[in-house]
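# with the input below, show me the fold.
(one chain, ligands or ions: 2)
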Amino acid sequence: MEVAESFEGKCTCGEVRYRMTSRPMFVHCCHCTWCQRETGTAFALNALIETDRVELIAGEPEVVDTPSNSGKGQKITRCPRCRIALWSNYGGAGDVVRFIRVGTLIDAGRFPPDIHIFTSTKQPWVVIPPGMTAVAEYYDSKQLWPPESLERRAAVFAKAKK
Ligand SMILES: [Zn+2]
Ligand SMILES: [Zn+2]
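Ligands and ions are numbered 1, 2, ... in the order given. As a prediction, the model looks like this:
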């Protein structure tokens, strides 16, 4: 049984505010060199959630086409004023699942990673806790996501096809 919770986030200048209307399906800590460049730091922390569970509270974010590691591109949603990135969509799937930048959530500490990915390019000083799920590159979500998250994702993609 899913508890109804919501989590607000915002850009740095505060013009764009949004709310996740539930917990995300899964949280990635990505150590790929693309995320390192895009964030200017050692990794990106992304909460994967259905687009229809992200509500815009204020502002009109702009969507910027950006190259991606996969070659399929990504669309990064940014504040039009301070340009902070709030979330991305990847690949050809369209705006079905959003990768929320966890650091933009007001209560960002609620969402530690469920998995570390692309650890093959991890900065050597980032030490992953023992027992934490970590993969050298990517992974099969069917093996690692909780069943309820897989159901949520299947539901949202089934709806998107209609
Ligand atoms: Zn802003
Ligand atoms: Zn990455």
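
# use CA for all of it now, contacts and neighbours both
Fine.

# the residue nearest the centre of the chain is in what secondary structure piece?
By C-alpha atoms, centre = their mean, the chain has its centre lying nearest to residue 99, at 2.4 Å. Taking DSSP states H and E as the criterion, residue 99 maps to strand 97-101.

# burial measure for residue 36, as a count.
A count of nearby residues for residue 36, using other C-alpha atoms under 10 Å, gives 17.

# now the host helix or strand of it: average pLDDT?
Here residue 36, judged by DSSP H and E, is contained in helix 33-39. Mean per-residue pLDDT for helix 33-39: 95.

# ok, and what's touching that helix?
42-44, 68-69, 121 (C-alpha atoms under 8 Å, 6 or more residues apart in numbering).

# how about the residues you listed, which pair is most distant?
42 and 68 (16.8 Å; C-alpha to C-alpha).

# list the contacts of the closest residue in space to residue 113 that isn't next to it in sequence.
Setting aside the residues directly before and after it, residue 113 is nearest to residue 27 in space (C-alpha to C-alpha, 6 or more residues apart in numbering), at 4.9 Å. By C-alpha under 8 Å, 6+ apart, the contact set of residue 27 is 45-48, 111-115.

# with residue 22 instead?
3-7, 53.

# tell me the secondary structure at it.
The three-state label given to residue 22 by DSSP: H, G, I helix; E, B strand; the rest coil is coil.

# what are the phi and psi values at it?
phi -160, psi 180 (degrees, to the nearest 10).

# again with residue 72
phi -90, psi -10.

# right, I'll call it a day here.
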